[in-house]
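1. 3D model of this:
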Amino acid sequence: MRRLNHWLFLPIFLSLSFLVHSCTNTEQSNKPQTETPTEKDTDQLPSWKDDSAKTRILDFIALSTDPQKTSFVPPEDRIAVFDNDGTLWCEQPVYFQLLFALDQVQKKADQHPEWKGKMPFQAVLEHDKESMAKFSMQDIMTIVGATHAGMTQEEFTKDAKEFLQTFHHPEREKLLIQMVYQPMLELIDLLHKNEFKVFIVSGGGRDFIRAFSEDIYGIPADRVIGTTMQATFEFDSTSGEAKLIRQAEIVPPIDDKEGKPVNLYRTIGQRPLLAVGNSDGDIQMLQFATGMGIILHHDDADREYAYDSLSSIGQLKQGFKEAEKWDWLMVSMRNDFKTVFPDNHSSQEQNPPSK
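-> Sure thing, here's the model as predicted:
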């Protein structure tokens, strides 16, 4: 467990005390999707306002895919990378993967009688907000190690899927999987239609995101890059069963800041043409892109949240300067989005990603 202290989101765990059991569960399994094709399809990004941000994005895609232009990029080089937390779905008031860790302590308590009366598990099980507010880094490491390791990859994926199908956002009447950004779903869909290969490059856990990326974003598991836990291989020579057991150690580097371009190139073997993020942790990924950089600015307190330089989650400070210096597109959630979250949660088939 010696590397768990490197998890970027773990310090934010301290802010979770007020959230324990403030959410309710449901048996719904609704999945937000892009709209059913209608006559409005003439608008390629219907949830974006008709302004300069939308125009710039559409122009970039058009110029990159028009073989008559000098800016044409062949399909095999059309790589687009997106951060996840705060870029594709909400990251406030805490990262959703942290909610998952606490939820797993509650759900698996019967399987771990040794947790009862033992800190830090006791504080979580007894909803002791005062004690949770005083959690040390070691306490946090203990919880994450217990809930994210010591199981097969398939077992972890099953737990993550079940959590996401039932857990509500602590401050809004939506499932966590409904807290995705409709404009970004449309952008991903448009990129797929134009033969871009779209990847997620996140500081969050790779395997946690893989549990939902294809269902929600239309991005398959093999196109998810994130902070990754070590695993060991086990084979039963009698039954012929082979499995990977998750370990409480992180594969370096952490997928944030300088680690993002390192990990994405390690996985993809190419630089991205387009990179989209929302925080200072995405700067290096945008610098690594050869075409266009986009930063989503959370400035809509009415429909989502308003935060940037002073936030402990998704801090955006240096990114303003870098965007101006390198001419990255700064997208305002308040001014550039017609809508934030999907209204249509029916099960519809997404366009498949390009091969």
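
2. contacts for stretch 266-277, please.
-> Outside stretch 266-277, the residues that touch it by CB atoms under 8 Å, 6 or more residues apart in numbering are 60, 64, 73, 77-83, 87, 184, 187, 191, 196, 199, 225, 264-265, 282-283, 285-286, 288-296, 319. No exception for glycine: its C-beta is placed from N, CA and C like everyone else's.

3. can I have the buried ones of those residues as a PyMOL selection?
-> Buried residues within the contacts of stretch 266-277, by 16 or more other CB atoms under 10 Å, are selected in PyMOL with:
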select buried, resi 60+64+73+78+79+80+81+82+83+87+184+187+191+196+199+225+264+282+283+285+286+288+289+291+292+293+294+295+296+319
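
4. where strands are concerned, which of the contacts of stretch 266-277 count?
-> With DSSP state E as the criterion, strands contain 79-82, 199, 225, 292-296 from among the contacts of stretch 266-277.

5. what would these look like in TSV with pLDDT and distance to Tyr307?
-> Putting the ones in strands among the contacts of stretch 266-277 into TSV (pLDDT from 0 to 100; distance: CB to CB, whole Å) gives the following:
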residue	pLDDT	distance to Tyr307
Ile79	98	29
Ala80	98	25
Val81	98	23
Phe82	98	19
Phe199	98	26
Ile225	98	25
Met292	98	24
Gly293	98	20
Ile294	99	18
Ile295	98	13
Leu296	98	12
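
6. which is the succeeding secondary structure element to the lowest-mean-pLDDT helix or strand in the chain?
-> Least confident helix or strand, the chain: helix 137-148 with a mean of 82, by mean pLDDT, DSSP states H and E. Next along the chain after helix 137-148, taking DSSP states H and E as the criterion, comes helix 153-166.

7. show me where the stretch 101-250 of the chain has its helices.
-> Using DSSP state H, counting those that start in this stretch, the helices of the stretch 101-250 of the chain run over 121-125, 129-132, 137-148, 153-166, 182-193, 206-210, 213-217.

8. looking at these, which is buried most?
-> helix 206-210 (a mean of 23; mean count of other CB atoms under 10 Å).

9. so what touches that one?
-> 84, 97, 100, 153, 156-157, 160, 200, 202, 221, 224-229, 246, 255.

10. quick check: the residue lying closest to Met151 once chain neighbours are set aside vs Phe156, distance?
-> Using CB to CB, 6 or more residues apart in numbering and skipping the chain neighbours, the partner closest in space to Met151 is Arg246 (5.8 Å). Counting by CB to CB, to the nearest Å, the separation of Arg246 from Phe156 is 6 Å.

11. tell me, what's touching those two both at once?
-> Contact criterion CB under 8 Å, 6+ apart; residues shared by Arg246 and Phe156: 148, 207.

12. coming back round to it: would a markdown table of the ones in strands among the contacts of stretch 266-277 with distance to Glu173 be doable?
-> What follows is these, written out as a markdown table (distance: CB to CB, whole Å):
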| residue | distance to Glu173 |
| --- | --- |
| Ile79 | 37 |
| Ala80 | 32 |
| Val81 | 32 |
| Phe82 | 26 |
| Phe199 | 32 |
| Ile225 | 32 |
| Met292 | 35 |
| Gly293 | 34 |
| Ile294 | 29 |
| Ile295 | 29 |
| Leu296 | 23 |
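
13. closest to Ser52 out of those?
-> Ser52 has its nearest neighbour among these in Ile294, at 12.8 Å by CB to CB.
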